[in-house]
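[1] Output the structure for:
(one chain, ligands or ions: 1)
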Amino acid sequence: MSQSIEHLFANNKTWSERMHSEDPEFFTRLVNQQSPEYLWIGCSDSRVPANQVIGLAPGEVFVHRNIANVVVHTDLNALSVIHYAVEILRVKHILIVGHYGCGGVKAAMNDNKTGLTDNWLRHIQDVRDRHIDRLERFTEPSERADRLCELNAMHQVVNVCQTSVLREAWQRGQGVTVHGWCYSLQDGLVRDLGVSSRTREEAVERYRDAVERIG
Ligand code: CO
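    Below is the predicted model:
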């Protein structure tokens, strides 16, 4: 067992040495404080690593990931991350990043039974059911699932904008923008879903317009 992860320690040592040789002050700087400007809320999928996708170094992006990038109002974990990012770290942008080909979204779309996770995916099925007429216009299953990936990310933008954390931040005049993106595993590019918002009202309005653009 311990043998099978030996290479991780070797990788770590190589990485630490490389970082140190490229920038001798790198670790010393990070010890003292983190001041990221971005909060990334993305999928746990191992193919969608936050820092690499947007080309940022350690210390530059605060990250929360869960299956299919869902933000619900009873999730104390996600809410605490958002609270800490907005009130303490004072991030300027929150990026909700879905991705095409998301296994969680596909399972939700097709009612696949996976066990415990079904309860979590139920949130995505609520989004699916709300837009079922629109989704059924797409006959190709992968295309339908991809539209749900977009709708889910857009929906989570509205959810984040409705949290007490964002509402209070905006009320006191703090400038923080919430964005919805979808990442493509095919070419490594993010697509902006056009729902960037700086108020609750703007989020609801832009969500409505973006849903229309889905087709
Ligand atoms: Co995923």
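[2] Run a quick neighbour tally on the closest residue to N66 other than its chain neighbours.
    Closest residue to N66 apart from its sequence neighbours, by C-beta to C-beta, 6 or more residues apart in numbering: S44 at 5.9 Å. All C-beta atoms are positioned from the backbone trio N, CA, C, and that covers glycine. For S44, the neighbour count with other C-beta atoms under 10 Å is 12.
[3] So S44 is in contact with I67, correct?
    Yes - under the criterion of C-beta atoms under 8 Å, S44 makes contact with I67 at 5.5 Å.
[4] Domain boundaries for the chain, per the record?
    For the chain, automatic domain parsing gives the domain ranges 1-33, 35-212.
[5] Where does pLDDT dip in this structure?
    Across the chain, the ranges flagged by pLDDT under 70 are 1-2.
[6] just checking, L39 is part of a strand?
    Yes - using DSSP: H, G, I helix; E, B strand; the rest coil, the assignment for L39 is a strand.
[7] give me the beta-bridge partners of it?
    F62, I94 (DSSP bridges).
[8] Look through the protein and tell me its longest helix.
    helix 141-162 (DSSP state H).
[9] what's that helix packed up against?
    Other helices and strands packing on helix 141-162, by 3 or more C-beta pairs under 8 Å, 6 or more residues apart in numbering; DSSP states H and E, are strand 93-99, helix 103-110, helix 117-130, helix 132-135, strand 177-183, helix 200-214.
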